[in-house]
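Q: Fold the following.
(2 chains)
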Amino acid sequence: MTENSWQPTASLEALRRRAALLADIRRFFAARDVLEVEVPLLSRRATSDPHIQSIAAHCNGADAWLATSPEFALKRLLAAGLGDCYSLGRAFREGEAGGRHNPEFTMLEWYRCDWDDRRLMREVGELLSRVLGINDVQSLSYRALFQRELQLDPHTADDNTLRACAARELELSFEPADRDECLDLLMSHRLEPAMGDGITLLYDFPASQAALAKVLEDDTGTPVARRFEAYAGGLELANGYWELTDAEEQLRRFRADQRYRREHGLIERPFEERLVGALRAGIPECAGVALGVDRLLMLAGGYQRIDEVMAFPIERA
Amino acid sequence: MASYSTNEFKGGLKVMLDGDPCSIVDNEFVKPGKGQAFNRVKLRNLKTGRVWERTFRSGESLEAADVMDLEMEYLYNDGEFYYFMEPNSFEQYPASNDAVGDNAKWLKEQDTYVVTLYNDAPLAVTPPNHVILEITDTDPGLKGDTAQGGTKPATLSTGAVVKVPLFLEIGETVKVDTRTGEYLGRAK
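A: Modelled structure (predicted):
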């Protein structure tokens, strides 16, 4: 790929498929009375998530950042009483480029009031089945997948067991720093490829990977994050939560992120304290999920690389 | 020596890994939406030819390997080393049996080969994909056998043995693919 090429990397057929997919997604939500809303791509606040980096911009003489997801804005709208809603637009993440990543990509994110993660998982399964024409939809807990493939319980195994497992299964250039890094490595290298061709809905993540999900005890008494991910053909497509609604806990997690950033030499940026304000005012109990539309299109059309479904990926944008 | 970060890893880039010079074959960026970013990299060890798979944290870097591919003329073998000459500087480089390996059977004096230098010493010698060589030994050609489409072994001037059609004779020149050892045709 040369940087001076004027041509798109996607075929015209792929671009037509993209338009058809966007229209189909809007029909899906129109039929279910979920409202489409537009939220800012340019924000005065950045993400605090240590594993996601905002792209900096400059606007009207002050710092701004490109949105890494529409999550904060959509939750503020939920607190304002908007009800079930979705955003279908662009998201931006620094440093993410490769066969399955582009720093600018299309994200579908939606929220369902009074639903929990289990109910939203079913709806994600319905949307994926409809778009991909796959009826094989399996729900599996994070624990069950680790037990099936690696014979260990990811919630209770001690750090040494996880390190030994990562060292045995993978060729690493470094010592994993903590249990979450071991789990991420095993998930992306060993478990995703073992998922098969169907749709997999994976739920009850480790509490340490809760992000913005509630943490509750499962039926074995283990605290788990009520978070799920959807995969098809082993490709990660969506990440959802039974949303945290406790303002003080939200503030603690933001501050923990900022502390992690300081300790790990990452840039600390102003976090979205207005989300805390929205949660304090009151947000309905809800579940929400974000889905990568470019990857969905890759799977629907049998494309191998994200370049094949984007007119102009970053090298040509 | 310069170093390269994972986001600069590209096919063909030469880097040091575990003390050996390697050429990057493939670099895949892996990142769970809510997890840490890694690069899953395939590298060919230039000493052994073996392909390694290794996962790095995104942003890690490797030292560049002092590896260069140069076209050189093959001069002679003194029983211990194969001598190559860089045609611009006239500098001579002795290549060991390890560096030349199986490709010794394609070496013809005064022909040009790609010599991979590592810290200024030959690490590998690569012949052109196609070479033209003379048959120095083979069974006599049999007229009338051509319709059968059979083959016979023929020894070439460099020592390589390839399968050729039955009608070819000693003294004829043939074109051969050095990657597969396959006969491609009679050369004029």
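
Q: buried ones in stretch A:132-144?
A: Neighbour counts using 16 or more other Cβ atoms under 10 Å in any protein chain shown place A:132, A:134, A:137, A:141-143 of stretch A:132-144 among the buried residues. In this view, the C-beta of every residue, glycine as well, is placed from N, C-alpha and C.

Q: wait, A:Leu108 sits on A:Leu88?
A: Yes. With contact defined as Cβ atoms under 8 Å, A:Leu108 counts as touching A:Leu88 (5.1 Å).

Q: interface residues of chain B facing chain A?
A: Residues of chain B found near chain A (Cβ under 8 Å from any Cβ of the partner chain) are B:7, B:17, B:27-38, B:40, B:52-58, B:60.

Q: Report the buried members of those residues.
A: B:7, B:17, B:27, B:29-38, B:40, B:52, B:54-58, B:60.

Q: and whichever residue of chain B sits closest to chain A, what are its bridge partners?
A: Closest residue of chain B to chain A, Cβ to the nearest Cβ: B:Phe29 (2.9 Å). Per DSSP bridges, residues listed as beta-bridge partners of B:Phe29: B:Asn39.

Q: what residues are up against it?
A: Contact analysis of B:Phe29 by Cβ atoms under 8 Å, 6 or more residues apart in numbering or on different chains lists A:96-101, B:37-39, B:58.

Q: go on, A:Ala210?
A: A:225, A:227, A:244, A:253.

Q: Chain B contacts on chain A?
A: Counting by Cβ under 8 Å from any Cβ, chain A sits next to chain B at A:49, A:51-52, A:95-101, A:170-174, A:180-181, A:184-185, A:187-189, A:209, A:211, A:227, A:229, A:236, A:239, A:290, A:292.

Q: Looking at those residues, which are in strands?
A: The members of the residues of chain A next to chain B that map onto strands under DSSP state E are A:227, A:229, A:236, A:239, A:290, A:292.

Q: Need those in TSV (columns: neighbour count and pLDDT).
A: TSV is the format used below for those (neighbours: other Cβ atoms under 10 Å in any protein chain shown; pLDDT from 0 to 100):
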residue	neighbour count	pLDDT
A:Arg227	27	98
A:Glu229	23	98
A:Glu236	23	96
A:Asn239	23	98
A:Ala290	21	98
A:Gly292	23	98
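
Q: quick revisit: neighbour-wise, which of the contacts of B:Phe29 leads?
A: Ranked by neighbour count (other Cβ atoms under 10 Å in any protein chain shown), the contacts of B:Phe29 have B:Phe38 at the top, with 26 neighbours.

Q: residue contacts, the residue lying closest to it once chain neighbours are set aside?
A: Nearest non-adjacent residue to B:Phe38, counting by Cβ to Cβ, 6 or more residues apart in numbering or on different chains: B:Val30, 4.7 Å away. For B:Val30, the contact set (Cβ under 8 Å, 6+ apart) comprises A:98, A:188-189, B:37-40, B:55.

Q: go on, B:Asn39?
A: Contacts of B:Asn39 (Cβ under 8 Å, 6+ apart): B:6-7, B:9, B:27-30, B:55-58, B:60.

Q: please redo it, this time with the cut-off set to 7 Å
A: B:6, B:9, B:27-30, B:56, B:58 (Cβ atoms under 7 Å, 6 or more residues apart in numbering or on different chains).

Q: ok, now A:Cys85?
A: So A:Cys85 contacts A:34-35, A:37, A:74, A:77, A:110-111 (Cβ under 7 Å, 6+ apart).

Q: what's across from it in the sheet?
A: A:Leu35, A:Tyr111.

Q: do you know how far it is from A:Glu71?
A: 12 Å (Cβ to Cβ, to the nearest Å).

Q: can you check A:Glu268 too?
A: If you go by Cβ to Cβ, the gap between A:Glu268 and A:Glu71 works out to 19 Å.

Q: more neighbours, these two?
A: Using other Cβ under 10 Å, the more surrounded residue of A:Glu268 and A:Glu71 is A:Glu71, with 25 against 13.

Q: unless I'm mixing things up, the more buried one is touching A:Glu109, no?
A: Yes. The pair A:Glu71 / A:Glu109 is scored as a contact, 6.5 Å apart, by Cβ atoms under 7 Å.

Q: returning to what we had before: quick check: the farthest pair among the contacts of B:Val30?
A: A:Gly98 and A:His189 (14.7 Å; Cβ to Cβ).

Q: what sits against the one residue in the stretch 1-150 of chain A that gets nearest to chain B?
A: The nearest approach of the stretch 1-150 of chain A to chain B comes at A:Gly98, 2.9 Å away (Cβ to the nearest Cβ). Shown in contact with A:Gly98 (Cβ under 7 Å, 6+ apart): B:28-29.

Q: Who does it form a beta bridge with?
A: A:His101.

Q: Next one, pLDDT for it please.
A: We note a pLDDT of 92 for A:Gly98 in this prediction.

Q: I'd like to know how far it sits from B:Lys31.
A: Taking Cβ to Cβ, one finds A:Gly98 at 8 Å from B:Lys31.

Q: Kindly report the same for A:Asp117.
A: Using Cβ to Cβ, which is the criterion applied here, A:Asp117 is 22 Å from B:Lys31.

Q: likewise B:Gly181?
A: 43 Å.

Q: thinking again about what came up before, so which of the ones in strands among the residues of chain A next to chain B is the closest to chain B?
A: Among those, and counting by Cβ to the nearest Cβ, the member closest to chain B is A:Asn239, at 4.8 Å.

Q: Name whatever forms a beta bridge with the closest one.
A: Beta-bridge partners of A:Asn239, counted by DSSP bridges, are A:Glu229, A:Ala290.

Q: Pretty sure B:Lys34 is one of the things it touches, is it not?
A: Yes. Counting by Cβ under 7 Å, A:Asn239 touches B:Lys34, with 5.9 Å between them.

Q: Check for me that A:Glu249 belongs to a helix.
A: Yes. Assignment of A:Glu249 by DSSP: H, G, I helix; E, B strand; the rest coil places it within a helix.

Q: Could you report the distance from it to chain B?
A: 17 Å (Cβ to the nearest Cβ, to the nearest Å).

Q: looking at this, B:Tyr74 is in a helix?
A: No. Per three-state DSSP, B:Tyr74 lies outside any helix segment and is strand.

Q: which ones are touching it?
A: B:82, B:84, B:107-109, B:111, B:113 are the contacts of B:Tyr74 under Cβ under 7 Å, 6+ apart.

Q: Could you pick out the buried ones from those residues?
A: B:82, B:84, B:107-108, B:113.

Q: The closest residue to A:Leu172 other than its chain neighbours: what's it in contact with?
A: Leaving aside its sequence neighbours, A:Leu172 sits nearest to B:Thr55 (Cβ to Cβ, 6+ apart; 5.2 Å). B:Thr55 is in contact with A:170-173, A:185, A:189, B:38, B:40, counting by Cβ under 7 Å, 6+ apart.

Q: B:Val162: which of those is nearest?
A: Nearest member of these to B:Val162, counting by Cβ to Cβ, is A:Glu171, at 38.2 Å.
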